[in-house]
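K.L.:
fold the following, please.
(one chain, ligands or ions: 1)
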Amino acid sequence: MHVIYGGTFDPIHHGHLRLALEVCDALSVATIDLVPCHIPPHRGDTGADSQQRLDLLQLAIAGEPALRVDDRELRRAGASYTADTLRQLREELGPDEPLAMVVGTDAFAAFDRWREWQAIPELAHIVVVRRSGADLPSGSEAQKLVKSRRADDHQALHEQPCGLVLELDPPLLDISATGIRQRIADGRSPRYLTPDSVWHSIRAQGLYGVCTRSKV
Ligand code: ATP
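P.N.:
The predicted structure follows:
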């Protein structure tokens with residue numbers, strides 16, 4: 001089974017990395033591909049650009065064989081749409097190989113606003129990871145999808161190529177990229193929230209406003 005985990009990763013942190021390994025264990029897969037999305041340049045001036053986020057991601061996963069980076073969305077011009085990525089992967093994997101995408105409940109809550117969201121279950125399984133404080137709104141399309149396509153266990157995902165939704169509730173680290181960016185901009189250290197290699201590179205490149213007021 002091919003498993004992808006998408007995000008902005010601005011920057012990658014231990015919450016993302018821990019989740020990726022938890023998912024590998026829970027799904028009994030050897031690897032998971034982290035897929036950074038392209039951010040339009042006008043999104044904001046405090047974040048890192050696509051190449052910088054990709055470089056930080058590469059640093060973060062160095063030496064961990066279970067984690068890989070798939071940079072296909074950065075190589076595509078324009079906004080990143082999950083349906084396009086899954087369609088491309090489906091073509092590469094063929095019709096029978098199970099394909100799954102991982103998403104937190106915070107991101108999945110607005111699933112019906114994703115482009116071509118109805119096509120997504122026909123392309124892949126969806127692994128929904130419960131994040132505290134981010135329950136799926138009752139009556140939402142996301143919640144309906146979980147109910148109508150619920151997989152009993154991870155084994156079911158290995159037995160068909162797409163179409164199931166598996167809920168996972170692994171232990172998670174309460175870390176957000178927003179919190180890290182804020183800390184750095186405030187001149188406080190984000191150490192131990194993200195790998196040292198990532199923090200060193202952020203400092204060396206002066207990302208997230210680190211140069212201006214950093215006390216660390
Ligand atoms: P931001 O604070 O900028 O919104 P973020 O830390 O939430 O960023 P994203 O790149 O937006 O990170 O998230 C990508 C995916 O990772 C989403 O599916 C999100 O639910 C999940 N995720 C983010 N942080 C964590 C965490 N600490 N533990 C588990 N999953 C997380």
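K.L.:
ok, residues contacting the longest helix along the chain?
P.N.:
In the chain, with assignment by DSSP state H, the single longest helix is helix 14-27. The contact list for helix 14-27, computed with C-beta atoms under 8 Å, 6 or more residues apart in numbering, reads 1, 3, 5, 7, 9, 29-32, 34, 60-61, 64, 66-67, 100, 102, 104, 127, 129, 154, 157, 166, 168, 170-176, 192-195. C-beta: built from backbone N, CA, C; applies to glycine.
K.L.:
could you turn the buried ones of those into a PyMOL selection?
P.N.:
Entered in PyMOL, the line below selects the buried ones among those, by 16 or more other C-beta atoms under 10 Å:
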select buried, resi 1+3+5+7+9+29+32+34+60+61+67+100+102+104+127+129+154+157+166+168+172+175+193+194+195
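K.L.:
may I see the buried residues of the longest helix of the chain?
P.N.:
14-17, 19-20, 22-24, 26-27.
K.L.:
what is the nearest of those residues to residue 203?
P.N.:
Minimum distance to residue 203 across these is 17.4 Å, recorded for residue 14 (C-beta to C-beta).
K.L.:
now, the contacts of helix 14-27 that are in strands?
P.N.:
Applying DSSP state E to the contacts of helix 14-27, the entries found in strands are 3, 5, 7, 32, 34, 67, 100, 102, 104, 127, 129, 166, 168.
K.L.:
who does the first one bridge with?
P.N.:
Note on residue 3: beta-bridge partners by DSSP bridges are residue 100.
K.L.:
which residues of this protein lie near the ligand?
P.N.:
Along the chain, the residues adjacent to the ligand under the rule C-beta under 6 Å from any ligand atom are 7-10, 15-16, 19, 103-104, 106-107, 129, 131, 172-173, 175-178.
K.L.:
make it 5 Å
P.N.:
7-9, 15, 19, 103-104, 106-107, 172, 175-178 (C-beta under 5 Å from any ligand atom).
K.L.:
quick one: the helices in this protein?
P.N.:
Using DSSP H, helices in the chain cover 14-27, 50-61, 72-75, 82-93, 105-108, 141-149, 154-158, 177-185, 196-205, 210-213.
K.L.:
switch those over to CSV; also include distance to residue 115 and mean pLDDT.
P.N.:
Putting the helices of the chain into CSV (distance: least, C-beta to C-beta, whole Å; pLDDT from 0 to 100) gives the following:
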stretch, distance to residue 115, mean pLDDT
helix 14-27, 23, 98
helix 50-61, 19, 96
helix 72-75, 13, 93
helix 82-93, 6, 97
helix 105-108, 14, 93
helix 141-149, 14, 95
helix 154-158, 24, 98
helix 177-185, 23, 95
helix 196-205, 30, 96
helix 210-213, 34, 63
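K.L.:
thanks a lot, see you next time.
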